[in-house]
Structure formats: C-alpha cells, structure tokens
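>>> Need a 3D model of the following:
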Amino acid sequence: MHVVRKLLRLAGLFVLPYQDKRGRSHWITQRITAVALLPLYAWLLFVAFPDASVADHAELFVWMQDPMNATFICLTIVFSLHHMVLGLEVIVEDYIATPALNRLTLLCIRWGTFLFQLGVLAAVVRIIQQS
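Numbering: from 1, shown residues only. Just a heads-up that it's a prediction; the model follows:
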C-alpha cells in the first residue's frame, strides 16, 4: 500500500490532508486542458494548416464559415488560452513574493486573457455571420 500511495503522490493524484485542495484541482484542470488540446492541435496541424497554406483570403473566409471548422477553431482558442492562464498563474504564485503585486499580476492575466478570448470569438462569430 505504501508503494501505491507513493506512486499516486508522484503522479499528483494523491492528496494528503494537509495539502491544498485548490492546487490539486488546478493541476487536474491543467492536465484536462492539455489532453483536450492534443486532438485539437492534431486537427490544426494536419487539417487546418495544410488547407490554409495554399488558400487565399477568400478561400480561408469560406473555409472558416464551415460550422465544424469554426467550432474547432473556437475550442482550440478557448482551451489554449485557459491552459496558458493556468500555467501563468503557477509561475506568478511561485515567483512573485509581494502579495499586492501577485494579485495585480493575476488579475491582469485573467482579465487580459478573458478579453482576448472574447475578441477572438467575436471575430469568428462575425466571420460565420457573413455568408
């Protein structure tokens, strides 16, 4: 049992009573977004980029109006930026010691990313609506 507990702790799946519950959920969320991004990036590399590399602006506009392509682009953007925020939060929490600066930096990262997501998703919706 001790060996199994040690392996689970190394994998980050075993939380002792004194450990932070938020840290565990943060770690699990980051892994979930990483796993979700694997097929999305595979689609991006093998389907979207080869089509985009030989297309002009009008062809890309038509390609982007396909609901499946627009959905995958939106999912890739949302999961990528959320995964980025989770990683940046860990870096800020670990390396910025001043509490006020820590909170301000986290606030800027979260809101900046949120506004960027809204802008990109609004652009994709606008492209879809122009048919």
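
>>> Output the below-cut-off pLDDT ranges for this structure.
Low-confidence segments of the chain, defined by pLDDT under 70, span residues 1-22, 51-53, 131.

>>> Distance from the chain centre to the longest helix belonging to it, please.
Longest among the helix segments of the chain by residue count, using DSSP state H, is helix 99-129. Taking the mean of its C-alpha atoms, helix 99-129 sits 12 Å from the chain's own mean (C-alpha atoms, centre = their mean, to the nearest Å).

>>> Now do the buried residues in it.
105-106, 109, 117, 124, 127-128 (16 or more other C-beta atoms under 10 Å). Backbone N, C-alpha and C define where each C-beta goes, glycine included.

>>> Repeat that for stretch 67-74.
Of all the residues in stretch 67-74, those buried under the rule 16+ other C-beta under 10 Å are 69-70, 72-74.

>>> circling back: by contact count, what packs against the longest helix of the chain?
With contacts taken as 3 or more C-beta pairs under 8 Å, 6 or more residues apart in numbering; DSSP states H and E, helix 99-129 sits against helix 57-64, helix 67-95.
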